[in-house]
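J.: Below are the sequence and a predicted model; questions follow.
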Amino acid sequence: MPLSDKHIQTKTYDDILNAGPPLDQLAKEFVTPKELFFVRNHSQIPHFQLESYRLRVRGMVTRELSLSLTEIKRDFERRELTATLQCAGNRREEMVDYKPIDDQLEWGIEAIGTAKWAGARLGDVLTAAGIRSEAAAHVAFLGLDKVLDGADNEAYGGSISLDKALACEVLLAYEMNGEDLPLAHGCPLRVVVPGYIGARSVKWLGEIRVQAEESANHFQQIGYKLFPPHISSDTVDYADGMPLTKLPVNSVIVRPQAGGALPAGAVLVEGYAMSDGEHEITWVSASADGGKTWQRADFMHEPQLWSWQLWRTEFTLSPGKHELVVRAWDSAANSQPETIASVWNFKGYVNNAWHRVPVTVE
Ligand code: MTE
């Protein structure tokens, strides 16, 4: 299915739609136009009738709910939040260049975007259902898309802690950038979990379940778990992995791109930086000599919780080869590791090593 002619970097496997913006369009604006917002799907976009759509709320609740979209819009206050969504696999390509990774999408730097989301607060819906038991600790989500076939016939799912689910930033969104949520982004309703890996923001949301344990879904128990660099697919014990939640601090050079030949003189370097959303980006440093010397980059706007920071800086470069590098810090003093080797993992998740872009100046 063509999503938009602007998404030229379409990455499909089988016939599943995955797409990102062309890099010359990435992170140009604080709010990403929907045509340029990356799409990450694990299966086909589900078929359903909007008229018969219901969100079911179950598990350790006082009242089970079955809500149509009209009821959600009517009965719960509409809340707006601008938030960045980033796939855990963003920047996997650099990890693959360092050491092979099997069966995962090789995202470059484009699996990220920022949208103005609007919808009901998940916390408001959970309050309406009532938390019935003190043992309730997790909130699990199920999409309407069937991801695994056969005996494992399972919908896409995952969970977050009850604490995070009750936080005011977590939305059940039915709008993106002031319009109805597009089908590719989870219409009619999706979870938006700001600050967490995109995988927890379940699209085409069919069910919410309050429970004592984490979701038993494949994408909580096998997918989207982090392991240290020495673990491989041969030695892995999935029970031992860390289910990914918050994103680590990261910064990326978007322009110029690697390998490009640039004219000597002033070179504008620009990109994005993002943390776990709760902590703002306080500092972005850029280097044009592989990290020997650094200069502070300028921010393009006031820091905003839950959203990326766009930045730029200028170097005067003489003819020859140069390595542009960027690193960032957030307000909790978190920063980025220098090498890919220290963050490589066999699934290729959360690469936040210093971002390096080799360029030639002529
Ligand atoms: N929800 C469902 N139902 N099915 C999916 O395949 N992919 C997840 C998440 N929610 C997915 C899903 C992943 S891995 C990411 S990164 C985000 O959706 C991507 O959201 P987007 O396609 O709107 O950018």
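T.: That came through, no problem.
J.: Quick check: residue 322 touching residue 356?
T.: No. In this structure residue 322 lies outside contact range of residue 356 using Cβ atoms under 8 Å: 10.7 Å. Just so you know, the C-beta spots here come from the backbone N, C-alpha and C atoms, and that holds for glycine as well.
J.: Now do the helices in this protein.
T.: Using DSSP state H, the helices of the chain run over 69-75, 92-98, 122-129, 162-165, 218-221.
J.: Residues contacting the fourth one, please?
T.: Translated: helix 162-165. Contact partners of helix 162-165, identified using Cβ atoms under 8 Å, 6 or more residues apart in numbering, comprise 122-123, 126, 131, 136-139, 170, 193, 196, 210, 245.
J.: try it again with 6 Å
T.: 122, 136, 137, 139 (Cβ atoms under 6 Å, 6 or more residues apart in numbering).
J.: any bit of stretch 238-255 sitting next to the ligand?
T.: No. In terms of Cβ under 6 Å from any ligand atom, no part of stretch 238-255 sits within range of the ligand; the closest distance is 10.3 Å.
J.: for that stretch, which positions count as buried?
T.: 241, 243-245, 247-255 (16 or more other Cβ atoms under 10 Å).
J.: Find the nearest non-adjacent residue to residue 45, please.
T.: Leaving aside its sequence neighbours, residue 45 sits nearest to residue 183 (Cβ to Cβ, 6 or more residues apart in numbering; 6.0 Å).
J.: Going by proximity to the ligand, name the top residue of the stretch 251-362 of the chain.
T.: Residue of the stretch 251-362 of the chain nearest the ligand, by Cβ to the nearest ligand atom: residue 349 (10.4 Å).
J.: my guess is that residue contacts residue 90, does it?
T.: No. Counting by Cβ atoms under 6 Å, residue 349 sits too far from residue 90 to count as a contact (9.2 Å).
J.: Could I get the contacting residues of residue 255?
T.: Applying Cβ under 6 Å, 6+ apart to residue 255 gives the contacts residue 270.
J.: what's the residue nearest the centre of the chain in contact with, if anything?
T.: In the chain, the residue lying closest to the centroid (Cα atoms, centre = their mean) is residue 86, at 1.9 Å. Contact analysis of residue 86 by Cβ under 6 Å, 6+ apart lists 112, 198, 247.
J.: wait, what's in contact with residue 315?
T.: Residue 315 neighbours (Cβ under 6 Å, 6+ apart): 267, 288.
J.: again, 7 Å this time
T.: Residue 315 sits next to 267, 269, 288 when contact means Cβ atoms under 7 Å, 6 or more residues apart in numbering.
J.: Which pLDDT value goes with it?
T.: In this prediction, residue 315 carries a pLDDT score of 98.
J.: Name the residues linked to it by a beta bridge.
T.: According to DSSP bridges, residue 267 are recorded as the beta-bridge partners of residue 315.
J.: right, and the helices of the chain - which one's nearest residue 43?
T.: Comparing the helices of the chain by their distance to residue 43 (Cβ to Cβ), the top pick is helix 218-221, with 10.8 Å.
J.: Does the closest one pack against any helices or strands, and if so which?
T.: strand 154-161 (3 or more Cβ pairs under 7 Å, 6 or more residues apart in numbering; DSSP states H and E).
J.: angle of the strand it packs on against helix 122-129?
T.: Counting by axes from the mean of the first three to the mean of the last three Cα atoms, to 10 degrees, strand 154-161 lies at 90 degrees to helix 122-129.
J.: quick one on the thing from earlier: keep only those of the contacts of residue 86 that are in strands.
T.: Using DSSP state E, the members of the contacts of residue 86 that fall within strands are residue 112.
J.: check contacts around the residue of the stretch 151-300 of the chain found nearest the ligand.
T.: Relative to the ligand, the nearest point of the stretch 151-300 of the chain is residue 198 (2.6 Å; Cβ to the nearest ligand atom). Applying Cβ under 7 Å, 6+ apart, one finds that residue 198 lies in contact with 40, 85, 86, 87, 88.
J.: List the buried residues of stretch 30-50.
T.: Buried residues in stretch 30-50 (16+ other Cβ under 10 Å): 30, 32, 34, 36, 37, 38, 39, 40, 41, 42, 43, 45.
J.: Format those as JSON lines; extra columns: pLDDT and distance to the ligand.
T.: Shown next, in JSON lines, are these (pLDDT from 0 to 100; distance: Cβ to the nearest ligand atom, whole Å):
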{"residue": "30", "pLDDT": "98", "distance to the ligand": "17"}
{"residue": "32", "pLDDT": "98", "distance to the ligand": "10"}
{"residue": "34", "pLDDT": "95", "distance to the ligand": "9"}
{"residue": "36", "pLDDT": "95", "distance to the ligand": "11"}
{"residue": "37", "pLDDT": "97", "distance to the ligand": "6"}
{"residue": "38", "pLDDT": "96", "distance to the ligand": "5"}
{"residue": "39", "pLDDT": "96", "distance to the ligand": "4"}
{"residue": "40", "pLDDT": "95", "distance to the ligand": "4"}
{"residue": "41", "pLDDT": "94", "distance to the ligand": "4"}
{"residue": "42", "pLDDT": "93", "distance to the ligand": "4"}
{"residue": "43", "pLDDT": "91", "distance to the ligand": "6"}
{"residue": "45", "pLDDT": "91", "distance to the ligand": "9"}
